[in-house]
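Chemist: From the sequence below, what's the structure:
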Amino acid sequence: MAMATETLSLAGKVAIVTGSGRETGLGAGIANALARNGASIVINYVSDTTRNGAETLAKRLSTDYGIGAVAIQENIESQDGANNLIEKTLRLLKTAHIDILVNNAGCNLPGSTLDTPLENIQKQFSVNVFAAIYVVRATVPHMPRGGRIINIGSISSKLGLKSLPFYNAAKSAQDSLTHTWAAEFGRSHGITVNTVAPGPVDTDEQRKFARDNPEGYKAIQDLVDMTKAADRVGALEDIADAVLLLAQEKSRWITGQYIDKRVSIHLSIYVRIMPTDQSWTQSPPYQPADGGDSFDKKHEGRCAPFQWAAIFHKEDMMFENGTKGLVFYNSADNTLEHDLPCKVSCAHCRTPIMDEGRRMVLLFPTLIKFNNQPQRDAFYPHCHIFYSQRVVDIPDGTPKWDGLDGLENGVLLDDMP
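Modeler: Numbers count the residues shown, from 1 in each chain. Below you'll find the model as predicted:
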């Protein structure tokens, strides 16, 4: 029985890895992994001192893997610099698209809150936060659906290492951008955004940190002691392979995640494999509107179901399995988050269960398993409220109010036959 071979191919993809000019650095390791799997690569560097290394790396990747690879010197700490990087990428690689962006450029300047020079504080935010923002703003207009943005974070954002107060803060800001961009660019652009947060990794920068700081070796060993995957510092390949996982097509349903590389990869997410054939989205009844000229439209509709709801205090009910099997939707922000007020549904069949407010819930009694008629009668509607599209007139002898103000300001309607 013949079976298709599973690959991590990135053939035809174009990837930018910022801060990847040092041949023994993390960015170079990531670029190598992406190129090894077929992606064309941009090696972005800033300093003249890394020019030879960056150009050598680009040539080696091109020779070893038969892909397009260029080294581009550009300071991305300004919007103009980021724009120039993207313009040169499109021109030098002769492409109209950028599929993968790895925000790897980083700056770590140890010091205390009170004694760190102001310019060092600004530098860490400039490189770790603003540079990523500038490059994303320049890249997304050229990134097709299925694009990947991968931020290289740090476990320091979660640990609060006292010698790195501003690096910690800058990486925390970057983590926040990951979650925001995942929501902002997901449905609208089809782009996933994730963070890979390394612990100690065997790079030239880490070795320099250990040499130059009195407590450097101890700090690294303390982090190694916290690592669950193995009793060692991470290798470049450990981090690069995590980026490779997120860059390939099969990770299309992984987004908004913070992956802590100290503990291997434990993702607290729902992963759903979607069919690759999306042609049904262009077929009836889902084909996009073309202005209405080719369709004889007789009615328009909106999402506004007729609801039979019972009001409960939250303290008067309990989900025996907790949040397991539930999904939440905040209509104000159009997000699948438990931000109140929100709607609660079954995660499997999407049946609406209730609307949840801050103190009360509107539970839909059709879900309740009644054991006898008196139990059912207890949930018989006592009144009806008519507003917006929610108008279904049933003459049942109960009060009918126009609007949501009820007894205070509402208008009592006739019980029409």
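
Chemist: separation between the closest residue in space to Asp241 that isn't next to it in sequence and Ala131?
Modeler: The shortest distance from Asp241 to any non-neighbouring residue, by C-beta to C-beta, 6 or more residues apart in numbering, is to Ala33 (6.2 Å). (C-beta placed from N, C-alpha, C; glycine too.) Applying C-beta to C-beta, to the nearest Å, the value for Ala33 to Ala131 is 22 Å.

Chemist: doesn't Asn194 fall inside a strand?
Modeler: Yes - according to DSSP: H, G, I helix; E, B strand; the rest coil, Asn194 belongs to a strand.

Chemist: that older thread, the residue nearest to Asp241 touches Leu244, doesn't it?
Modeler: Yes - contact criterion C-beta atoms under 8 Å: Ala33 and Leu244 qualify, at 4.7 Å.

Chemist: quick check: domain ranges of this structure?
Modeler: What the record gives for the chain is the domain set 14-260, 310-412, from automatic domain parsing.

Chemist: so where do the strands sit in the stretch 101-250 of the chain?
Modeler: Counting by DSSP state E, counting those that start in this stretch, the stretch 101-250 of the chain has strands at residues 148-152, 192-197.

Chemist: Figure out which of these is closest to Ser172.
Modeler: Closest approach to Ser172 among the strands of the stretch 101-250 of the chain (C-beta to C-beta): strand 192-197, 10.8 Å.

Chemist: circling back: let me know which of the domains of the chain is tucked in deepest.
Modeler: Greatest average neighbour count among the domains of the chain goes to domain 14-260 (a mean of 19), per mean count of other C-beta atoms under 10 Å.

Chemist: Just the endpoints, please. Distance across it?
Modeler: Using C-alpha to C-alpha, to the nearest Å, the end-to-end distance of domain 14-260 comes out at 26 Å.

Chemist: Could you do stretch 240-257 as well?
Modeler: By C-alpha to C-alpha, the extent of stretch 240-257 from end to end equals 16 Å.

Chemist: model confidence over that stretch, on average?
Modeler: For stretch 240-257, mean pLDDT is 92.

Chemist: how about the strands in the stretch 251-400 of the chain?
Modeler: 258-260, 310-313, 326-329, 342-346, 352-356, 360-363, 384-386, 400-402.

Chemist: Please tabulate the domains of the chain in TSV and include distance to Asp296 as additional columns.
Modeler: Output for the domains of the chain, formatted as TSV (distance: least, C-beta to C-beta, whole Å):
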stretch	distance to Asp296
domain 14-260	30
domain 310-412	22
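
Chemist: and those, which one is worst for confidence?
Modeler: domain 310-412 (a mean of 75).

Chemist: Relative to the whole chain's centre, how far out is stretch 242-258?
Modeler: Relative to the chain's own centre, stretch 242-258 is displaced by 10 Å; criterion: C-alpha atoms, centre = their mean, to the nearest Å.

Chemist: got it, and stretch 372-380?
Modeler: Once both centres are worked out by C-alpha atoms, centre = their mean, stretch 372-380 turns out to sit 45 Å from its chain's centre.

Chemist: would you turn the strands of the stretch 101-250 of the chain into a markdown table with distance to Asn103?
Modeler: Below are the strands of the stretch 101-250 of the chain laid out as a markdown table (distance: least, C-beta to C-beta, whole Å):
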| stretch | distance to Asn103 |
| --- | --- |
| strand 148-152 | 5 |
| strand 192-197 | 9 |
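
Chemist: check contacts around Arg51.
Modeler: If you count contacts by C-beta atoms under 8 Å, 6 or more residues apart in numbering, Arg51 has them with Gly21, Tyr45, Ala71, Gln73.

Chemist: mind listing the helices for the stretch 101-250 of the chain?
Modeler: Applying DSSP state H, counting those that start in this stretch to the stretch 101-250 of the chain gives helices spanning 118-125, 131-139, 156-159, 165-189, 204-212, 216-226, 236-247.

Chemist: closest one to Gly325 among the ones you listed?
Modeler: When the helices of the stretch 101-250 of the chain are compared by C-beta to C-beta, helix 165-189 sits nearest Gly325, at 23.1 Å.

Chemist: follow-up on the earlier one: any chance of the strands of the stretch 251-400 of the chain in CSV, plus distance to Leu93?
Modeler: Converted to CSV, the strands of the stretch 251-400 of the chain look like this (distance: least, C-beta to C-beta, whole Å):
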stretch, distance to Leu93
strand 258-260, 28
strand 310-313, 60
strand 326-329, 41
strand 342-346, 44
strand 352-356, 49
strand 360-363, 54
strand 384-386, 60
strand 400-402, 63
